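Undergrad: how would this look folded up:
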Amino acid sequence: MRNNNKIGVAVWTVQILLALLFLFAGGAKLAMPAEKLAAQGPFAVDFLRFIGLAEVAGALGLVLPGLFRIHRHLTPLAAGGLVIIMIGAVVSTLATGGGAAAVFPLVIGALAAFVAYRHRRVAGVTTALACNP
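TA: Numbers count the residues shown, from 1 in each chain. Sure, this is the predicted structure:
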């Protein structure tokens, strides 16, 4: 197996695992009763539902464009959006005193950044950066 094929398999594996994780996390935020969701932390229920919706949309954006081979420029955008969500998760975890607990969202955010980086050519980011250094 050539090196490019190994990297492609690694990227797809990470994308699928991230999609499953964010589908579960976002789906739980959308399906959980408001009282239980409010007890999870200091954020408003509507905000947590919005985050859940963004996580589900990001999860779908990680895999569906590649599976259907249409609008593949959306994959790095979805991964970038998930990176932003994970930055917020790290900051909010650190703010509430969970130093060691911030490692998990940090790693998940790094994996999403890896996916966004590997798909940057599809979105035309490389071309845009070459034109405007």
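
Undergrad: can we go C-alpha only for contacts and neighbour counts from here?
TA: Noted.

Undergrad: Would you state the helices of this protein in chain order?
TA: For the chain, applying DSSP state H gives helices covering 3-31, 34-38, 45-68, 74-95, 103-118, 125-131.

Undergrad: With mean neighbour count and mean pLDDT as extra columns, can I get the ones you listed in JSON lines?
TA: Output for the helices of the chain, formatted as JSON lines (neighbours: other Cα atoms under 10 Å; pLDDT from 0 to 100):
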{"stretch": "helix 3-31", "mean neighbour count": "16", "mean pLDDT": "90"}
{"stretch": "helix 34-38", "mean neighbour count": "14", "mean pLDDT": "91"}
{"stretch": "helix 45-68", "mean neighbour count": "19", "mean pLDDT": "93"}
{"stretch": "helix 74-95", "mean neighbour count": "20", "mean pLDDT": "94"}
{"stretch": "helix 103-118", "mean neighbour count": "19", "mean pLDDT": "94"}
{"stretch": "helix 125-131", "mean neighbour count": "11", "mean pLDDT": "41"}
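
Undergrad: So the residue nearest the centre of the chain versus Ala110, what's the distance?
TA: The residue lying closest to the centre of the chain (Cα atoms, centre = their mean) is Leu82, at 2.8 Å. Using Cα to Cα, to the nearest Å, Leu82 is found at 10 Å from Ala110.

Undergrad: Repeat that for Glu35.
TA: 32 Å.

Undergrad: Just the pLDDT for Met1.
TA: Looking at Met1, its pLDDT stands at 52.

Undergrad: The residue nearest to the centre of the chain reaches Gly58, doesn't it?
TA: Yes. Judged on Cα atoms under 8 Å, Leu82 makes contact with Gly58 at a distance of 6.2 Å.

Undergrad: List of residues touching stretch 103-113?
TA: Applying Cα atoms under 8 Å, 6 or more residues apart in numbering, the contact partners of stretch 103-113 are 14-15, 18, 79-80, 82-84, 86-87, 89-90.

Undergrad: Quick one: those residues as CSV, columns for distance to Leu48 too.
TA: Converted to CSV, the contacts of stretch 103-113 look like this (distance: Cα to Cα, whole Å):
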residue, distance to Leu48
Val14, 25
Gln15, 23
Leu18, 19
Ala79, 19
Gly80, 19
Leu82, 14
Val83, 17
Ile84, 15
Met86, 13
Ile87, 15
Ala89, 11
Val90, 15
